[in-house]
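> using only what follows, build the 3D model:
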Amino acid sequence: MLKRKIEKILAMWKGTSYGLLIDGARQIGKTYIIRKFISNNFTNSIEINLLENKNAVRTLSAAENAGDFLLRLSALTDKPFVKGETVIFLDEIQEFKDFDIVTMMKFLVDDGRYRYVISGSLLGVEQYGIDSWPEGYMMLEKMYPLDFEEFLWANNVNTDLIDIARQCCIENKEVPDFIHDKFIGLFRRYLLVGGMPDAVKSYLETNDFNRVSLAHKVIEQYYKKDVAKYAEEQDRILIKSMYELIPSELNNQSKRFNFGDIPGLKRNENLGLSFGWFTKAGIAIPAYNIEAPAIPLALNSNRKLIKLFHADVGILTYLLMNPDIKTSILNEGLDLNFGAVYENAVAELLTAHGREQLYYYSKKGIGEMDFVLADGNKVLPVEVKSGKAYKRHSALNNFMTKELYNQYIESAIVLSNSNVEVDNGVRYLPIYMADFI
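The predicted structure is shown next:
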């Protein structure tokens, strides 16, 4: 049974009168964790899976108002509706095509008789034509694959050890060797397993990476079916091509996504819609290049220059399909370059911890910063190093010493396999501390 951080959010929601929408990619454990929470905290519940029950989609989509919606819902179940005790869980709400379920929630919540949780994949809330978010009625929470701390919980790591490592990060102190070595070893496994619950369970139950790969394969098949099912017909081939290029594009020297590599791309093709589709679907993470390190970063970004990361590092390593890379990761092959894998893991962890939009910096004569984060009214450059030469970072040195940028930058972070160290304004942190930034 996997422990997830979103359980704290669910506990907070229970103490409110709001409805709750949990949004996130397919196969990240939304249904399981919601069902588990409802079972442990409510005496009566009604669950409708709209992907499995097409009749429910037709029936509920015809509702004219909240009263009519509840009447139609009662026709779909034999369970009683108990005022003040029943929670209604509607899963896979992306199956509603022309019915604005979120706005309907405002009126259902206002009715006050029952509690409501709705969830789905491929939501991208705004793409469903919702005219106004019902503030004061609905909580919206994003859910992601397991982050590294959740992976540590799954491996029964004592929370006291995690707290010690987190405090060392805050105080810039070395992590005790026995903790550091343990966490580096588990982080390497996280790179191969990733954070998809089915893959994590396969790893924990079998200790067999072949079984883990089977779990990744099944998830991949779901994603490809989603493209065929939910994307506009004219965009499907383009979206599928972009998605399949992610591993090879990350593996090139710049890691930048080159749209010219997309087979059959037309010159005036609308890449924005296609690109936005699978990033909103939660299966890819974009990072945009910034022209200058000034706050707000969004105003200095160039939307034509992007990196595109996979939303789960375990699936990325599965897609790379290179046994030498996998065994070298496990065997601490520090002489090899795992830059794409390490950088993808950092992108995933930063996103899961509230960095909804990522940025990087690349300019001739200076070099490239893997990530540039907002830090109050300053910017924080972050470099990711997978090898032994983690203190060689000419681009970072150029970036920090450029006179034009001095007013924006006070410090920097280098993430690597090394322990905590501070030198000349640079914090060298273990790669697993990406979870604490």
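
> residue contacts, the residue positioned nearest the centre of the chain?
The chain has residue 144 as the residue nearest its centroid, 4.3 Å off, counting by Cα atoms, centre = their mean. Residues near residue 144 by Cβ atoms under 8 Å, 6 or more residues apart in numbering: 24, 25, 28, 195, 282, 311, 348, 351, 352. Yep, even glycine has a C-beta here, placed from its N, CA and C like the rest.

> what mean pLDDT does stretch 143-156 get?
For stretch 143-156, mean pLDDT rounds to 97.

> quick revisit: out of the contacts of residue 144, the closest to residue 102 would be?
residue 24 (15.4 Å; Cβ to Cβ).

> count of neighbours near the closest one?
22 (other Cβ atoms under 10 Å).

> and the residue nearest to the centre of the chain, which helix or strand is it part of?
Secondary structure from DSSP states H and E places residue 144 outside every helix and strand.

> that one and residue 44, how far apart?
30 Å (Cβ to Cβ, to the nearest Å).

> kindly reformat the contacts of residue 144 as TSV containing secondary structure, pLDDT and distance to residue 4.
As requested, the contacts of residue 144 are exported to TSV (DSSP: H, G, I helix; E, B strand; the rest coil; pLDDT from 0 to 100; distance: Cβ to Cβ, whole Å):
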residue	secondary structure	pLDDT	distance to residue 4
24	coil	90	11
25	coil	89	14
28	coil	94	9
195	coil	97	10
282	coil	83	16
311	coil	92	16
348	helix	96	15
351	helix	95	16
352	helix	94	11
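
> tell me which stretches of the stretch 51-200 of the chain form helices.
In the stretch 51-200 of the chain, the helices defined using DSSP state H, counting those that start in this stretch lie at 54-61, 66-74, 101-111, 148-154, 159-171, 177-193, 197-206.

> swap in the stretch 201-350 of the chain?
Going by DSSP H, counting those that start in this stretch, the stretch 201-350 of the chain shows helices at 209-230, 236-250, 271-280, 313-320, 323-330, 339-352.

> looking at these, which is nearest to residue 263?
Across the helices of the stretch 201-350 of the chain, closest to residue 263 is helix 236-250 (Cβ to Cβ), at 5.8 Å.

> any regions of the stretch 101-250 of the chain where pLDDT drops low?
Residues of the stretch 101-250 of the chain meeting the criterion pLDDT under 70: 122-134.

> kindly recompute the last result at 50.
Residues of the stretch 101-250 of the chain that meet the criterion pLDDT under 50 lie in 124-131.

> what about stretch 359-378, start to end distance?
When the termini of stretch 359-378 are compared using Cα to Cα, to the nearest Å, they are 14 Å apart.

> now swap in stretch 14-31 and tell me
Start-to-end, stretch 14-31 (Cα to Cα) is 17 Å.

> in stretch 339-357, which residues are buried?
If you call a residue buried by 16 or more other Cβ atoms under 10 Å, then stretch 339-357 has these buried ones: 339-352, 355.

> also stretch 166-176?
Buried-residue list, stretch 166-176, by 16+ other Cβ under 10 Å: 168, 169, 175.

> just put the helices of the stretch 51-200 of the chain in TSV and tack on distance to residue 427.
Shown next, in TSV, are the helices of the stretch 51-200 of the chain (distance: least, Cβ to Cβ, whole Å):
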stretch	distance to residue 427
helix 54-61	51
helix 66-74	53
helix 101-111	42
helix 148-154	18
helix 159-171	9
helix 177-193	15
helix 197-206	30
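
> and of the ones you listed, who's closest to residue 289?
Among the helices of the stretch 51-200 of the chain, helix 177-193 comes nearest to residue 289, with 25.3 Å by Cβ to Cβ.

> measure residue 48 to residue 39 for me?
Counting by Cβ to Cβ - residue 48 and residue 39 are separated by 16 Å.

> between the two, which one's more packed in?
Taking other Cβ under 10 Å, residue 48 and residue 39 do not tie; residue 48 has more neighbours (19 against 9).

> the more buried one bridge partners, please.
residue 90 (DSSP bridges).

> strands of the stretch 301-437 of the chain, start to end?
Remark: strands assigned in the stretch 301-437 of the chain by DSSP state E, counting those that start in this stretch are 301-310, 358-363, 367-369, 371-375, 378-384, 412-416, 421-423, 426-430.

> reformat those strands as CSV; add distance to residue 53, mean pLDDT and mean neighbour count.
Listed next are the strands of the stretch 301-437 of the chain as CSV, based on distance: least, Cβ to Cβ, whole Å; pLDDT from 0 to 100; neighbours: other Cβ atoms under 10 Å:
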stretch, distance to residue 53, mean pLDDT, mean neighbour count
strand 301-310, 31, 85, 19
strand 358-363, 37, 91, 21
strand 367-369, 49, 88, 21
strand 371-375, 43, 92, 20
strand 378-384, 44, 93, 22
strand 412-416, 45, 95, 22
strand 421-423, 56, 94, 12
strand 426-430, 47, 96, 21
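
> can you redo these as TSV with distance to residue 257?
As requested, the strands of the stretch 301-437 of the chain are exported to TSV (distance: least, Cβ to Cβ, whole Å):
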stretch	distance to residue 257
strand 301-310	4
strand 358-363	12
strand 367-369	14
strand 371-375	16
strand 378-384	17
strand 412-416	22
strand 421-423	33
strand 426-430	27
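
> of all those, which lies closest to residue 394?
strand 367-369 (6.2 Å).

> other SSEs contacting the closest one?
Here strand 367-369 touches strand 358-363, strand 378-384, helix 394-401, going by 3 or more Cβ pairs under 8 Å, 6 or more residues apart in numbering; DSSP states H and E.

> do you know which of those lies nearest residue 419?
Among the helices and strands packed on strand 367-369, strand 378-384 sits nearest to residue 419 (Cβ to Cβ), with 16.2 Å.

> show residues contacting the closest one.
Taking Cβ under 8 Å, 6+ apart as the rule, strand 378-384 contacts 293-295, 297, 339, 342-343, 346, 361, 369-374, 393, 395-396, 399-400, 408-416, 431, 437.

> from residue 255, how far off is the spatially closest residue to residue 297 that is not a sequence neighbour?
Once flanking residues are discounted, residue 297 sits nearest to residue 359: 4.9 Å by Cβ to Cβ, 6 or more residues apart in numbering. From residue 359 across to residue 255, the span is 14 Å (Cβ to Cβ).

> repeat for residue 238
Plainly put, residue 238 is 21 Å away from residue 255 if you go by Cβ to Cβ.

> residue 313 now?
14 Å.

> who's more crowded, those two?
A count of neighbours by other Cβ under 10 Å puts residue 313 above the other of residue 313 and residue 255, at 27 against 20.

> what's the spacing between that one and residue 146?
On the measure of Cβ to Cβ, residue 313 and residue 146 end up 11 Å apart.

> for the strands of the stretch 301-437 of the chain, which one sits closest to residue 75?
strand 301-310 (42.0 Å).
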